[in-house]
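Student: compute the structure for the input listed below.
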Amino acid sequence: MDKLRTDICLVIKKETKPQGDIGVKQIKSSKFALFLYQGAYSNLAAVYNEIYANLLPENGLQLRDYHCFEKYLNHPDKIEPEKLKTEIYVPVE
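Tutor: Prediction:
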């Protein structure tokens, strides 16, 4: 693999211009299912499996063609892994 691409979201309060390999992108306002997870980041794969396999179907929600994203509510260097809080945004119809 030549390159790894990742998106990192930040709140930027002033106009920003892309430079080099760094770009600027806005998340469009649309419908997302929001899940609050508390626990170690190492368990996030199991949390996503639960969301896709059970929570979305049980609530009659269909995935939309867009990427999920996460918002980390506290810092892993300042709190124990089992107390980490993560908001998971899943795009739905």
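Student: what segments of the chain are strands?
Tutor: Using DSSP state E, the strands of the chain run over residues 32-38, 69-72, 85-91.
Student: who's in contact with the helix or strand of the chain with the lowest mean pLDDT?
Tutor: Every helix and strand in the chain was compared by mean pLDDT, DSSP states H and E; the lowest is strand 69-72, with a mean of 92. Strand 69-72 is contacted from outside by 7, 9, 27, 44, 84, 85, 86, 87, 88, 89, using C-beta atoms under 8 Å, 6 or more residues apart in numbering. No exception for glycine: its C-beta is placed from N, CA and C like everyone else's.
Student: ok, and the closest non-adjacent residue to the last one?
Tutor: The reference is to residue 89. In this structure, residue 89 finds its nearest non-sequential neighbour in residue 32, 4.3 Å apart by C-beta to C-beta, 6 or more residues apart in numbering.
Student: pretty sure that neighbour is in contact with residue 92, am I right?
Tutor: Yes. Using C-beta atoms under 8 Å, residue 32 makes contact with residue 92 at a distance of 6.6 Å.
Student: and the longest helix anywhere in the chain, what's buried?
Tutor: If you go by DSSP state H, the chain has its longest helix at helix 44-50. For helix 44-50, the neighbour count (16 or more other C-beta atoms under 10 Å) marks 47, 48 as buried.
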